[in-house]
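>>> the following comprises the amino acid sequence and a computationally predicted model.
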Amino acid sequence: MITTCTAQTLPQRHAAGSWTSLLVVGVGDVSKRILLGRKLRSSQLGETLLSKRIALPVFASDALSSVAYAPDEIFIMLGVAGASAYVWSWKIGLAVALVMLTVVASYRQTVHAYPSGGGDYEVATVNLGRNAGVTVASALLVDYVLTVAVSISSAAQYAAGAIPSLIGHEATVATAAVILLTAANLRGVRESGSFFAVPTYLFMIAILGMCAYGLVRLAAGDLPDAESAVLDIVPAPGWEEPLSQVALLFLLARAFSSGCAALTGVEAISNGVPAFRKPKSRNAATTLLLLGLIAISMMMSVIVLANQMSIRYVDPHHLDRLTQANGGPLPNDYEQHPVISQIANGVFDQFPPGFYFVVTVTGVILVLAANTAFNGFPVLGSILAKDGFAPRALGSRGDRLAYSNGIVFLAVMAIILIQIFDAETTRLIQLYIVGVFVSFNLSQLGMIRHWTRHLVTETDPQVRRRMQRSRMINTFGLAMTAVVLAIVLVTKFLAGAWITILAMVVFFAIMKGIRKHYDLVEDELAADDQDKVLPTRVHAIVLASKLHKPTLRALAFAKATRPNVLEAVYVGIDQEATSRLLAEWDERGIDVPLKVLHSPYREIIKPIVQYAAEIRRANPRGVVAVYIPEYVVGRWWEQLLHNQTALRLKGRLLFTPGVMVTSVPYQLRSSQAALKREAREDLRSRAGDVRRGASRSATAIRDRDHRDLD
């Protein structure tokens, strides 16, 4: 039985052959394996955990690398009032060091109390409520993006200083560095940590060694002046001496707020506790302490040496404020080098390899500092996804057991910032640290409530004393971080901090909107008694493009489901092909009626969707079952030879109420190639297989291949 009808549709070409073919092995698989390495089983997650030796460079590289730019920012801010204001630099350094020690001590309490990896977000959510938790999360997300942008941009500035040909191309260099760092992190936490460990330790050796040698030369009385010591700084308009007490306090506050950039990254360890080996909390707390001691030692040593060597350093955009000793202007080609570069150049004036070693590892560590964010952001994103405040895709682990989607998202956001601000660290630094100090404050307040709540039920005197001591530490930490946050907001708001606050508000609104969506979907999908009602009838449609094996298989499968009505549907766009199919249908005596939907405008998808919708409207309590035959190919280039009609058709039918779509695959011989590749991948020996007793010999692989050929 054959019936026909006509559909007035929009133009679209129909490719010959089946409805489409399913892509089994993509061209990206090979390149993905080369870039990321072999897949890891979920059971191998324990093998990716970090020891303290590896965890320190993984989670502490951001805070340690701040030594490369935090002192610079202190001298820039003080230099607004002239070189005489540098006398305050070491005092500001001590104030920053005090805040850092306080924050480290506070977070040591956090990693013991909340070892699950939620960090500030979990602390705020549990103790202060959902809105506080989302506020912390938005602040940390913004801060992680800025960490990558600032660190990479600073590294690009160092690279441009060492290689003049890169001047003017800092944004391109920074973008390339972000892409390389992303690729390294996609290989997994442990592999990226091992890769970054050596440069981080070399940076510690370089800076501490340079400072130690410089202090020895200072004690011996032969420490030379810096290259900029012969210059003078002209105070900015309005900052000429003598300064009023209010102006001086504001100047010191600005310098202090910029120096507090050294604290960024400290919170990453509290978010990364699950990545540590057991005992997780103890190892994380020890790593935090090491981080604080090393960072403070490096920062204070750099500041002391910079003062003793009479360094002059101003905002790179205001080099005109640097003048020669006689008051004359500097040459047009004058290049201001970073503080660490000037110190290294002076300390190692008789040993040039020492200078190049310090400058090189400093540039490298600034790139790797972003790795802290690449470890903290994906973990936080996965926790937010689990709680319904972020897309579920952020909670999925990739082939290497890393949260790949979070890594890629962070990289894209950082690249956008780098391009917008042209990789200028001084402009980006104004957006910095606002977010991290918002999270610091809410975390400290949350921990105070945590200890207060537990003290109500705790009766053991020794445990109570420990809890009271922890609460005192968090109370002092809250007081310190609240003061810093107030200073940062006052001194940096108009300089760019308002952008960070706006971004936090946007992230907050987006996360609340995502949670609202998930809640609505959950309510809508909740099962009720109506879901038990069976459809009155099933109208099955088998799509036919040709009378070949895939179509016959789909017809047979549809018959096996015993629908109330079964028919085949063909969209006629060519009269000759339609007549040929009708004749062959009659010749074979197929007992399923064939309906032809004439489409004068060569549209394929729209007539089918309209036909299915009309059947559904005619019987609202019935179901329309659409069976799509498709054949499967095994090589990526074969997929390029076939259209994607079935994929697009499925997408349209999904929005049609009462229509169910079933794919009926037919595997071509070439699909066996993909199966053999997968079998060979499974059988190939991996590192550690022998130790685990799971080795696979080459003989087993060969025997398996022979069986497949037979």
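Nice, thanks for sending it over. Everything numeric here is computed off the predicted structure, so don't read it as measured data. Numbers count the residues shown, from 1 in each chain.
>>> can I take it that residue 664 is in a strand?
Yes: according to DSSP: H, G, I helix; E, B strand; the rest coil, residue 664 belongs to a strand.
>>> can you get me a residue count around it?
19 (other C-beta atoms under 10 Å). C-beta here means a position set from N, CA and C on the backbone, and glycine is covered the same way.
>>> I'd say it and residue 625 touch.
No: at 11.5 Å, residue 664 does not count as touching residue 625 under the criterion of C-beta atoms under 8 Å.
>>> and the helix or strand harbouring residue 510, what's buried?
Residue 510 is part of helix 498-525 when elements are defined by DSSP states H and E. The neighbour-count check on helix 498-525 (16 or more other C-beta atoms under 10 Å) flags 499, 500, 501, 503, 504, 507, 508, 511, 514, 515, 518 as buried.
>>> the helix or strand just after that helix pairs with which strands, parallel or anti?
Sequence-wise, the next helix or strand downstream of helix 498-525 (DSSP H and E) is strand 538-543. Strand 538-543 has the following sheet partners, assigned by DSSP bridges: strand 565-572 (parallel), strand 623-633 (parallel).
>>> returning to what we had before: what's the closest of the buried residues of helix 498-525 to residue 407?
Using C-beta to C-beta, residue 507 is the member of the buried residues of helix 498-525 that sits closest to residue 407, with 17.9 Å.
>>> who's in contact with the closest one?
137, 138, 141, 142 (C-beta atoms under 8 Å, 6 or more residues apart in numbering).
>>> looking at the residues you listed, which are in helices?
When those are checked against helices (DSSP state H), the matches are 137, 138, 141, 142.
>>> make JSON lines out of the residues you listed and add pLDDT and neighbour count.
Putting these into JSON lines (pLDDT from 0 to 100; neighbours: other C-beta atoms under 10 Å) gives the following:
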{"residue": "137", "pLDDT": "90", "neighbour count": "29"}
{"residue": "138", "pLDDT": "92", "neighbour count": "26"}
{"residue": "141", "pLDDT": "88", "neighbour count": "28"}
{"residue": "142", "pLDDT": "87", "neighbour count": "26"}
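>>> ok, these vs residue 186, which is closest?
residue 141 (19.4 Å).
>>> look up how far residue 275 lies from the closest one.
19 Å (C-beta to C-beta, to the nearest Å).
>>> and if you look at residue 230?
Taking C-beta to C-beta as the measure, residue 230 falls 49 Å from residue 275.
>>> settle it for me: which of the two has more neighbours?
residue 275 (23 against 11).
>>> in this structure that one contacts residue 54, no?
No: the pair residue 275 / residue 54 is not scored as a contact, 9.6 Å apart, by C-beta under 8 Å.
>>> how many neighbours does residue 343 have?
27.
>>> confirm residue 168 sits in a helix?
No: counting by three-state DSSP, one finds residue 168 to be coil, located in no helix.
>>> what's the local residue count around the nearest residue to it once chain neighbours are set aside?
Closest residue to residue 168 apart from its sequence neighbours, by C-beta to C-beta, 6 or more residues apart in numbering: residue 160 at 7.9 Å. When neighbours are defined as other C-beta under 10 Å, residue 160 has 19 of them.
>>> check residue 198 too.
There are 13 residues near residue 198, going by other C-beta under 10 Å.
>>> any regions of the stretch 551-700 of the chain where pLDDT drops low?
636, 639-640, 642-643, 673-700 (pLDDT under 70).
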